[in-house]
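K.L.:
Below are the sequence and a predicted model; questions follow.
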Amino acid sequence: MQQFTIWCCLRLWSLCLITFITWSTYIEACKPQQGYEIYIMFPEDAAVGSVIGQVKFRDWNLIKQVHSEKSVYVKYDPGTENVTLLKKIDADKHTNKITLRLFCEDRSSQTRNVTITVNIIATNVNDNPPRFTERVYYKEISEDTEIGSTIDCGVVATDGDNGDNMRFSILPDKDHEFFSINLPGTPLITLNQKLDYEKRRHLSIDIMVQDQPEGVNQKKLNDTATINFTVLDADDLNPVFTRKKYYALVNHNAELGTILAVEPPIEAYDPDYTFNETIKFSIDDADSTPFEIQPYNGTVYIKRHLEVGSTTYVIRGVQANSEERFCIALLQVDVLAQNDTSLIFSKSFYEAAVVENAPVGTNILTLPVIYKAKAPLIFGFKNRTDVFRIDESGSIRLRQPLDYERTPFYTFLAFVRNSAKFPNESPERSEKANWKDTTTFEK
């Protein structure tokens, strides 16, 4: 009896094991080789009708049927186990992932159904170049912007391809040396060189944006745009006198309040032309000088009695809105005695201009001389020249034709003296004057 019981138990265990193995076999039959959740990836530019993947089952003899849900994008063919593309998927405009569910029914007596999830992912293809929103961007920048400053020019670029990281750069042309892009992932511009409104008021650069597609064989695409900069004036320059030195002659017994004939007139200007600030004039150590200068027009007048002699004064032009900005020039005043018979040019510096096609003999300039006596005078040049001559009246005339391209300007040292025919006059005294003749081209 005990042996029969053991036999029955062994027989029942064998039947259970056989049944379990059978059920397990049918269940495994509906399990694809890739598993119950499958991923298929294909490039978005795949042609319609192309096979983009497969779902392979282990043993079709144990499978009753496999069918899939409907999809407008893909279909599954149980006969070939192929997944075929029915409609293009644009990963840039639509979702790049779709799901297809397959239903597998085995041949077991229990007729089990298994669901397989197929995730189909369209990978991005770099088929859209990045684009700037504008062809030309405009930016105003002050000339006092510090080197290293970051400038936002409002540059914007877009890329129709998802996931592409754009990189910005400045092309090596135009005024590229003034700027750089230190963060390639942004179009922010960095200033590399000092700007100067007085030298350059307009700058321009070309910038490029390039995508960074994933994948070994993907071609990089790019776009370019222009940034035009307008340099704005800043109040960064000191005022400037029109001359480094001014000259004046006055008689020692001139009345108080007499205005000096300063040559040339004292003038100064603000080289920051956009601001053109007012310049105020003054004489250094004004309390110890016999002259006063009008602060806004540069007129110099006598404020106390004069002594014979030549004195040089420092005059100062200060920007009215900022005492930190100023310029300095010299004023030489020669005070003459009433019976002075010495020779003296009325100025120590003369300047003239003449067109290069002026005919020989043209009177360019006459040098005025202060001289109390009536004796004839002799004029001449200290440095020899064959191009100009000076006559007995102090007139400088053209001796030879001019050529602007060969010599655009000349500088001479002139002198004047008493005639040797009048030995009873005061001893010879030469007063030197620099005379500069700038030949100008006539178009």
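P.N.:
Okay, I see it. Residues are numbered from 1 along each chain as shown.

K.L.:
buried set for the lengthiest strand in the chain?
P.N.:
For the chain, the strand reaching the highest residue count under DSSP state E is reported as strand 322-336. Across strand 322-336, burial judged by 16 or more other CB atoms under 10 Å covers 325, 326, 327, 329, 331, 333, 334, 335, 336. Heads up, the C-betas are built off the backbone N, CA and C, glycines and all.

K.L.:
Kindly present those residues as JSON lines, with separate columns for pLDDT.
P.N.:
As requested, those are exported to JSON lines (pLDDT from 0 to 100):
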{"residue": "325", "pLDDT": "92"}
{"residue": "326", "pLDDT": "95"}
{"residue": "327", "pLDDT": "96"}
{"residue": "329", "pLDDT": "96"}
{"residue": "331", "pLDDT": "94"}
{"residue": "333", "pLDDT": "91"}
{"residue": "334", "pLDDT": "86"}
{"residue": "335", "pLDDT": "88"}
{"residue": "336", "pLDDT": "82"}
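
K.L.:
Save the residues you listed as TSV, and put in distance to residue 209 too.
P.N.:
Below are those laid out as TSV (distance: CB to CB, whole Å):
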residue	distance to residue 209
325	43
326	49
327	48
329	54
331	61
333	67
334	70
335	73
336	76
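
K.L.:
Would you tell me which one of those residues comes nearest to residue 126?
P.N.:
Of all these, residue 126 sits closest to residue 325, with 56.8 Å by CB to CB.

K.L.:
and that closest one, what does it touch?
P.N.:
235, 237, 238, 239, 277, 318, 319 (CB atoms under 8 Å, 6 or more residues apart in numbering).

K.L.:
and of these, the nearest to residue 84?
P.N.:
For the contacts of residue 325, the nearest to residue 84 is residue 235 (73.9 Å; CB to CB).

K.L.:
number of nearby residues for the closest one?
P.N.:
15 (other CB atoms under 10 Å).

K.L.:
can you tell me how far it sits from residue 275?
P.N.:
To residue 275, residue 235 is 5 Å away according to CB to CB, to the nearest Å.

K.L.:
Give me the below-cutoff pLDDT ranges for the stretch 101-250 of the chain.
P.N.:
For the stretch 101-250 of the chain, the stretches with pLDDT under 70 are 109-111, 162-164, 214-217.

K.L.:
if we can go back for a sec, dump the contacts of residue 325 to a markdown table, plus secondary structure and distance to residue 63.
P.N.:
Listed next are the contacts of residue 325 as a markdown table, based on DSSP: H, G, I helix; E, B strand; the rest coil; distance: CB to CB, whole Å:
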| residue | secondary structure | distance to residue 63 |
| --- | --- | --- |
| 235 | coil | 88 |
| 237 | coil | 91 |
| 238 | coil | 95 |
| 239 | coil | 98 |
| 277 | coil | 95 |
| 318 | strand | 101 |
| 319 | strand | 96 |
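
K.L.:
Please produce JSON lines containing those, extended by distance to residue 72.
P.N.:
Formatted as JSON lines, the contacts of residue 325 follow (distance: CB to CB, whole Å):
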{"residue": "235", "distance to residue 72": "69"}
{"residue": "237", "distance to residue 72": "72"}
{"residue": "238", "distance to residue 72": "77"}
{"residue": "239", "distance to residue 72": "79"}
{"residue": "277", "distance to residue 72": "75"}
{"residue": "318", "distance to residue 72": "83"}
{"residue": "319", "distance to residue 72": "77"}
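
K.L.:
Any chance of a PyMOL selection covering the buried ones in these?
P.N.:
A single PyMOL command is used to select the members of the contacts of residue 325 judged buried by 16+ other CB under 10 Å:
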select buried, resi 237+238+239+277+318+319
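
K.L.:
Can you show me the helices along the protein?
P.N.:
2-29 (DSSP state H).

K.L.:
Let me see the domain layout of it.
P.N.:
Following the TED database, one finds the domains of the chain at 26-123, 130-232, 240-336, 349-418.

K.L.:
Now residue 134, what are its backbone angles?
P.N.:
phi -130, psi 150 (degrees, to the nearest 10).

K.L.:
measure the residue lying closest to it once chain neighbours are set aside to residue 234 for me?
P.N.:
Closest residue to residue 134 apart from its sequence neighbours, by CB to CB, 6 or more residues apart in numbering: residue 225 at 6.4 Å. Distance of residue 225 to residue 234, given as CB to CB: 27 Å.

K.L.:
neighbour-wise, which of these two wins?
P.N.:
Higher neighbour count among residue 225 and residue 234: residue 225, with 21 against 16, using other CB under 10 Å.

K.L.:
What's the local residue count around the nearest residue to residue 303 once chain neighbours are set aside?
P.N.:
Excluding the flanking residues, the one nearest residue 303 by CB to CB, 6+ apart is residue 292, at 4.5 Å. Neighbour count of residue 292, defined by other CB under 10 Å: 16.

K.L.:
Report the beta-bridge partner residues of residue 292.
P.N.:
residue 301 (DSSP bridges).

K.L.:
Make 41 the starting number, not 1.
P.N.:
OK, 41 is where the count begins now, so the last one is residue 332.

K.L.:
Next up, the contacts around it.
P.N.:
Taking CB under 8 Å, 6+ apart, one finds 323, 326, 340, 341, 343 in contact with residue 332.

K.L.:
ok, the fourth one - contacts?
P.N.:
So the one you mean is residue 341. So residue 341 contacts 297, 298, 299, 300, 331, 332, 334 (CB under 8 Å, 6+ apart).

K.L.:
and of the residues you listed, the nearest to residue 407?
P.N.:
Scanning these for proximity to residue 407, where the rule is CB to CB, the winner is residue 300, at 20.4 Å.

K.L.:
now the contacts of residue 332: which count as buried?
P.N.:
Judged by 16+ other CB under 10 Å, buried ones among the contacts of residue 332: 323, 340.

K.L.:
Where is pLDDT lowest across the contacts of residue 332?
P.N.:
Within the set of the contacts of residue 332, pLDDT is lowest for residue 326 (89).

K.L.:
where's the closest residue to that residue other than its chain neighbours relative to residue 176, distance?
P.N.:
Counting by CB to CB, 6+ apart, residue 332 is the residue found nearest to residue 326 once chain neighbours are left out, at 7.0 Å. Applying CB to CB, the value for residue 332 to residue 176 is 57 Å.

K.L.:
likewise residue 243?
P.N.:
Distance of residue 243 to residue 176, given as CB to CB: 13 Å.

K.L.:
Residue 346 now?
P.N.:
Distance of residue 346 to residue 176, given as CB to CB: 66 Å.
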